[in-house]
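A.B. asks: sequence first, predicted model second:
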Amino acid sequence: MTARSPGAPRGRLVWLEHQSHILADNPLGDPHVRRFPVWLPPQYDAGAGSRSASARGRRFPVLFDLVGYTAGGPAHVNWRAFEENVPERAERLLFEKRIGPTIIVFPDCYTRLGGNQYINSRAIGNYADYLTRELIPYVDAELRTLGTREHRGCFGKSSGGYGSLIHGMKYARYWGAVACHSGDSYFEFCYRSDWPATLDELAKHRPAGRRRAGRAGAGFDDGRVKRFIEAFHARKKPTPAEVHCLMMLGMAASYDPDPKAPNGFRLPFELDTGECIEARWLRWLRHDPIRLVGECAAALRSLKGLYIDCGSRDQYHLHYGARILDRLLTERRIAHRYEEFDDDHSGVDYRMEVSLPFLYRAIKP
């Protein structure tokens, strides 16, 4: 961690509370009233006592931090051992003049299934609409933002990186620049290999006396998914295998929601045999960034900045998808910056040293 100069001015963390209409009555019963932190740069308050109206009314660009699975926005403002949290990092980068004064928003999009992909899902909730149609105008109304797409960006890692990339593809009218750290892509590599372990965990909750899990090819739960979720939340300390199982169910709820199915979503593999249900798996692939580059090329070209990176030893094999994305973007002459670094998936927040200055240059006034 780089020490901050004792004389450097500090920013300020404020908490906002928003009552969402979009998340009201969401399928998981998650709270629709969310408190979330916002970091204000020291310049935000610097003009408070000024006689200059322009100084008092100065407005700032905005970045939204989309956190990864099993986390919520507030996690990125907590104290950390041996490293900086995001406000501390931004404060230092600002002091070093590597970024300019920027507001950073930390939305809370946590769910009962452990997180979210920042997309709309009838099984989880419409979190893409929550971000774009509610939180953006709410933040713009509460704070002195430069409330236009050209001065707004988002960034994230893992599921947050996926969300940022998808928002750059499908919601570019709201974002001027996006940064994706180790984001989910190339689903055949990053998700499909996790399903045998997921099925093993679910098998522990299989109904007694049942040899097959319902109608073949339907992707319906025979009761074990529901029992697993209930048992997971009753546990005081879930195992890593159980957390990964819940994450795969969260992906199923994100990518293949079905209000008529048990739990509100379908499964892409037969519960007992492990056979892939091709029709269900295709529903997942429709959300894979490497399959969306072509249809979203115009939106991606409209961005003022597109940043992608990934560790070359990512344990979820996400570096393969990142390389494919880089190739596809290059082939279509879509401007972007791609970097690969020698690390895995864990503890790579230091990559914000690169992405935050990149984003600021793209959205600065």
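C.D. replies: Thanks, I have it.

A.B. asks: now do the SS call for the closest residue to S302 other than its chain neighbours.
C.D. replies: Spatial nearest neighbour of S302, chain neighbours left out: A172 (5.3 Å); criterion: C-beta to C-beta, 6 or more residues apart in numbering. (Glycine included, C-beta is placed from N, CA and C.) Following DSSP: H, G, I helix; E, B strand; the rest coil, we place A172 in the coil state.

A.B. asks: contacting residues around A172?
C.D. replies: For A172, the contacting residues are R149, A299, L300, S302, L303, by C-beta atoms under 8 Å, 6 or more residues apart in numbering.

A.B. asks: could you measure it against D326, distance?
C.D. replies: To D326, A172 is 19 Å away according to C-beta to C-beta, to the nearest Å.

A.B. asks: and what of S185?
C.D. replies: When S185 is compared with D326 (using C-beta to C-beta), they lie 11 Å apart.

A.B. asks: which of the two has more neighbours?
C.D. replies: Counted by other C-beta atoms under 10 Å, S185 and D326 do not tie: S185 has more neighbours, with 29 against 18.

A.B. asks: relative to I99, how far out is that one?
C.D. replies: From S185 to I99 the distance is 27 Å (C-beta to C-beta).

A.B. asks: ditto for R323
C.D. replies: Distance from R323 to I99, by C-beta to C-beta: 28 Å.

A.B. asks: these two: who's more crowded?
C.D. replies: Taking other C-beta under 10 Å, R323 and I99 do not tie; I99 has more neighbours (23 against 18).

A.B. asks: quick check: closest non-adjacent residue to the more buried one.
C.D. replies: Y360 (4.1 Å).

A.B. asks: low-scoring stretches of the stretch 151-300 of the chain, by residue?
C.D. replies: Within the stretch 151-300 of the chain, the ranges that satisfy pLDDT under 70 run 209-216.

A.B. asks: leaving out chain neighbours, which residue sits closest to Y130?
C.D. replies: Spatially, and ignoring its direct neighbours in sequence, Y130 is nearest to I22 (4.8 Å; C-beta to C-beta, 6+ apart).

A.B. asks: D309 looks like it's in a strand, true?
C.D. replies: Yes. Assigned with three-state DSSP, D309 falls within a strand.

A.B. asks: host element of the nearest residue to it once chain neighbours are set aside?
C.D. replies: In space, and not counting its chain neighbours, D309 is closest to E339: 4.2 Å by C-beta to C-beta, 6+ apart. Following DSSP states H and E, one finds E339 within strand 337-341.

A.B. asks: so for that strand, what gets flagged as buried?
C.D. replies: Buried residues in strand 337-341, counted by 16 or more other C-beta atoms under 10 Å: Y338.

A.B. asks: list the helices and strands it packs on?
C.D. replies: Using 3 or more C-beta pairs under 8 Å, 6 or more residues apart in numbering; DSSP states H and E as the contact criterion, the elements in contact with strand 337-341 are strand 305-311, helix 318-331.

A.B. asks: winner for burial among the ones you listed?
C.D. replies: strand 305-311 (a mean of 26; mean count of other C-beta atoms under 10 Å).

A.B. asks: find the nearest non-adjacent residue to L28, please.
C.D. replies: R112 (4.3 Å).

A.B. asks: show the contacting residues for that neighbour.
C.D. replies: Here R112 is in contact with L28, G29, D30, I229, H233 (C-beta under 8 Å, 6+ apart).

A.B. asks: so the chain: which segments form each domain?
C.D. replies: 12-186+289-363, 189-285 (automatic domain parsing).

A.B. asks: deepest of those domains, which one?
C.D. replies: Most buried of these, by mean neighbour count (mean count of other C-beta under 10 Å): domain 12-186+289-363, with a mean of 19.

A.B. asks: element containing the nearest residue to S346 once chain neighbours are set aside, please.
C.D. replies: Of all residues not flanking S346 in the chain, Q315 sits nearest, at 7.7 Å (C-beta to C-beta, 6+ apart). Secondary structure from DSSP H and E places Q315 outside every helix and strand.
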